[in-house]
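Participant: Give the three-dimensional model of this entry:
(chains A, B, C and D)
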2 protein chains.
Amino acid sequence: MDTATKKAGRRPGQNKTKAKIIVAAEALFTKEGFDHTTIRSIAKHAEVDPALVMHYFGSKQELFIEAMAPSQQMPRKIAQELTRGDPETMGFRLATLFVCMLEARSTGHVVVNVLKAAVRIPGAAALLKTILVRPILKAFKESTFDHAELRATLAQSQLVGIVLTRYIIKIEPLASLPSNELIECIAPTLQRYLTGNLNGNRKEIL
Amino acid sequence: MDTATKKAGRRPGQNKTKAKIIVAAEALFTKEGFDHTTIRSIAKHAEVDPALVMHYFGSKQELFIEAMAPSQQMPRKIAQELTRGDPETMGFRLATLFVCMLEARSTGHVVVNVLKAAVRIPGAAALLKTILVRPILKAFKESTFDHAELRATLAQSQLVGIVLTRYIIKIEPLASLPSNELIECIAPTLQRYLTGNLNGNRKEIL
DNA sequence: TAATATATTCAACGACGTTGAATTATCGAG
DNA sequence: CTCGATAATTCAACGTCGTTGAATATATTA
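Facilitator: Next up is the predicted model:
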């Protein structure tokens, strides 16, 4: 009685308007951030009623998550670039990829706004994990290092710290430091988190 | 004509009510954060009219900054503890102080909520600098290391990254890692930022 | 007392996210 | 084709928020 008994009623369309809403939402969220983007402005850009946005997405937060979801494709490249290559240069490569991603207008704004939202919206926090933690972790599962998850999250902590201080709060002189010098500064930290020994001076414990 | 010509009119009182508002604001902001704390709830706790809060503080953001301002006294201890002691153990001491500060209920909540607000409110970002960057920088000015500001902000970036991933977004396993192990993990990073050479493998350039 | 400055209150504005009912359009079943 | 069910879309409104401006009360000095 699943496919046999066909109910009457209008079938769900291809939802061209739903796509229009997502496009408008992605553009506005990326440019203005979560707070300064309003459901009403999204509706206006998509030429629909604000209530229609709610009908399709339930809430502003869910719309934000759906609109920023395409950014989940970014980590694929990161994971690929990380996997191939000498494990001893992994930190440098990760630092380079990450900084380049942030310097690029589009991807940079997405990461910044997802991070800004992550401090208040649990769904955005989950999205941030998907974008940043997963690729690092994925590149790890293949190699044989202990405490893979811990290493990945430690690297993550340094990376989000850079996003926060350099690209959001903009603390000098870190905010104006040339990209290549920044990479030089954080690469050894990432390298140690990824493949070094994690416990301070004492060797081989933990 | 400054002290001589006394103008008429009611003199500004000791503002017992203004103090009551600040007390209520500090309590609510610390417990509920910036977003979930409303001007109206602060006014209710202080038993005054919401408009009076605006009259004294101008805006919710300014009130937040004034209410969180006492936290500026925290860095003094940090700076003092950092200054005395072997520079070679500075990273470990900074990590220990910082983690302890965050594990303590009161101070931890303050730092977390100031950081949450800093991504949206410029004044809160400035307050965060005062709490975290200044003491490290101050402890530096006495010693003779190059690029003091850059070193301080690099350490800052790792510290706020820990706040974000461990205490706000709560990414595992970093969120559940015992304090002492966390300290062991980040201490070498801080140590290198503070007193090590900043450019990756190449020696003595930059 | 009269004038002036402060302390406090009241009512309202405009914007926001969200809701529920109403309307219109599209489909399958008889 | 007609009918009824379902989807698409709109409209008007609610409740809350930060904020404002006028109004009232109170204290102080000339």
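Participant: Show me chain A divided up by domain.
Facilitator: Annotated domains of chain A cover A:16-58, A:70-195 [automatic domain parsing].
Participant: does DNA strand C sit close to the longest helix anywhere in chain A?
Facilitator: If you go by DSSP state H, chain A has its longest helix at helix A:16-36. No. Residues of helix A:16-36 contacting DNA strand C under C-beta under 7 Å from any atom of the strand: none, with a closest distance of 8.1 Å. In short, each C-beta sits where N, CA and C put it, glycine included.
Participant: tell me the angle that helix makes with helix B:16-36.
Facilitator: Calculated by axes from the mean of the first three to the mean of the last three C-alpha atoms, to 10 degrees, helix A:16-36 forms an angle of 150 degrees with helix B:16-36.
Participant: So which elements touch helix A:16-36?
Facilitator: Other helices and strands packing on helix A:16-36, by 3 or more C-beta pairs under 8 Å, 6 or more residues apart in numbering or on different chains; DSSP states H and E, are helix A:39-46, helix A:50-57, helix A:60-68, helix A:105-118.
Participant: how far is the last one from where the chain is centred?
Facilitator: Same thing as helix A:105-118. Relative to its parent chain, helix A:105-118 has a centroid offset of 7 Å by C-alpha atoms, centre = their mean, to the nearest Å.
Participant: Could you pull out the buried residues of that helix?
Facilitator: Buried residues in helix A:105-118, counted by 16 or more other C-beta atoms under 10 Å in any protein chain shown: A:Thr107, A:Gly108, A:His109, A:Val110, A:Val111, A:Val112, A:Asn113, A:Val114, A:Leu115, A:Lys116, A:Ala117, A:Ala118.
Participant: likewise stretch A:62-71?
Facilitator: Neighbour-count burial for stretch A:62-71 [16+ other C-beta under 10 Å]: A:Leu63, A:Phe64, A:Ile65, A:Glu66, A:Ala67, A:Met68, A:Ser71.
Participant: Check stretch A:25-42 too.
Facilitator: Buried, per 16+ other C-beta under 10 Å, within stretch A:25-42: A:Ala25, A:Glu26, A:Leu28, A:Phe29, A:Thr30, A:Gly33, A:Phe34, A:Thr37, A:Ile39, A:Ile42.
Participant: Name the nearest residue to the residue of chain A found nearest chain B, ignoring sequence neighbours.
Facilitator: Checking chain A residue by residue against chain B with C-beta to the nearest C-beta singles out A:Gly161 as nearest, at 2.5 Å. Take A:Gly161 and drop its neighbours on the chain: the residue closest to it by C-beta to C-beta, 6 or more residues apart in numbering or on different chains is B:Gly161, 2.5 Å away.
Participant: What helix or strand is that neighbour located in?
Facilitator: For B:Gly161, the element it lies in under DSSP states H and E is helix B:148-162.
Participant: if we can go back for a sec, so how far is the longest helix of chain A off the chain centroid?
Facilitator: 17 Å.
Participant: relative orientation of it and helix A:39-46 in degrees?
Facilitator: Going by the same axes, to 10 degrees, helix A:16-36 is angled at 140 degrees with respect to helix A:39-46.
Participant: right, is helix A:16-36 up against DNA strand D?
Facilitator: Yes. Using C-beta under 7 Å from any atom of the strand, we find that helix A:16-36 touches DNA strand D at A:Thr17, A:Lys18.
Participant: can you give me the angle that helix makes with helix A:60-68?
Facilitator: Using the same axes, to 10 degrees, one finds that helix A:16-36 and helix A:60-68 are set 110 degrees apart in direction.
Participant: Just the mean pLDDT for helix A:16-36, thanks.
Facilitator: Regarding helix A:16-36, the rounded mean pLDDT is 97.
Participant: ok, residues contacting it?
Facilitator: Helix A:16-36 has contacts (C-beta atoms under 8 Å, 6 or more residues apart in numbering or on different chains) with A:37, A:41-43, A:45-48, A:52-53, A:56-57, A:60, A:63-64, A:66-68, A:70, A:106, A:109-110, A:113, A:116-117, A:121, A:124, B:120.
Participant: follow-up on the earlier one: using a markdown table, lay out the helices and strands packed on helix A:16-36 together with mean pLDDT and distance to chain B.
Facilitator: Formatted as a markdown table, those follow (pLDDT from 0 to 100; distance: least, C-beta to the nearest C-beta, whole Å):
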| stretch | mean pLDDT | distance to chain B |
| --- | --- | --- |
| helix A:39-46 | 98 | 17 |
| helix A:50-57 | 98 | 20 |
| helix A:60-68 | 97 | 12 |
| helix A:105-118 | 95 | 5 |
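Participant: For A:Leu63, give its distance to DNA strand C.
Facilitator: A:Leu63 sits at a distance of 8 Å from DNA strand C (criterion: C-beta to the nearest atom of the strand, to the nearest Å).
Participant: what's the closest non-adjacent residue to that residue?
Facilitator: For A:Leu63, ignoring the flanking residues on the chain, the nearest one in space by C-beta to C-beta, 6+ apart is A:Phe57 at 3.9 Å.
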